[in-house]
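A.B. asks: coords please:
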Amino acid sequence: MAKQFQAAPELLAAVKADPTLQADIKADPVGGLEKLTAQPAFLTDPLIYRIVVSSLALTMFSAAGGAIYLGDKAPQSLVALGSTALGGLVGLLAPSPRQN
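C.D. replies: Predicted coordinates:
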């Protein structure tokens, strides 16, 4: 699979440097550009996003429940696991600075 581009300057530089890309675009301009600018599956498939969010939430709640159950005897690794899962959730659910 060809590399995917997000910005026009990257695409232009790649086409200038690679004669096979130039030939592909000359043969089928629309199809060639669609292949090069298509979004990867992890950005467009909501199922993958839901699986990641669900697994992080399950990890966070399991770690929190375990820490509450164990009380003062909870290992630091359990607390760190829950905190890391929470941070991952916040990172995924917070809006991207590039979004309008």
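
A.B. asks: CA only for contacts and neighbour counts going forward, please
C.D. replies: OK.

A.B. asks: how does this structure divide up, domain by domain?
C.D. replies: Domain ranges of the chain: 8-38, 43-93, per automatic domain parsing.

A.B. asks: pLDDT averaged over whichever strand or helix holds Val15 - what is it?
C.D. replies: If you go by DSSP states H and E, Val15 is part of helix 8-17. In this model, helix 8-17 carries a mean pLDDT of 79.

A.B. asks: against which helices or strands is it packed?
C.D. replies: Under the contact criterion of 3 or more Cα pairs under 8 Å, 6 or more residues apart in numbering; DSSP states H and E, helix 8-17 touches helix 19-27.

A.B. asks: show residues contacting the helix it packs on.
C.D. replies: Ala14, Val15, Lys16, Gly31, Gly32, Leu33 (Cα atoms under 8 Å, 6 or more residues apart in numbering).

A.B. asks: give me the buried entries from the residues you listed.
C.D. replies: Buried subset of the contacts of helix 19-27 (neighbour count, 16 or more other Cα atoms under 10 Å): Val15, Gly32, Leu33.

A.B. asks: from Gly65, how far off is Gly71?
C.D. replies: 10 Å (Cα to Cα, to the nearest Å).

A.B. asks: with neighbour numbers in mind, choose between those two.
C.D. replies: Gly65 (14 against 10; other Cα atoms under 10 Å).

A.B. asks: where does the chain dip in pLDDT?
C.D. replies: Across the chain, the ranges flagged by pLDDT under 70 are 1-6, 38-43, 99-100.

A.B. asks: now the element after the lengthiest helix in it, going C-ward?
C.D. replies: In the chain, with assignment by DSSP state H, the single longest helix is helix 46-70. Next along the chain after helix 46-70, taking DSSP H and E as the criterion, comes helix 76-93.

A.B. asks: now do that next one: everything it contacts.
C.D. replies: By Cα under 8 Å, 6+ apart, helix 76-93 touches Val53, Leu56, Ala57, Thr59, Met60, Phe61, Ser62, Ala63, Ala64, Gly66, Ala67.

A.B. asks: and with 10 Å instead?
C.D. replies: Contacts to helix 76-93, defined as Cα atoms under 10 Å, 6 or more residues apart in numbering, come from residues 49, 52-67.
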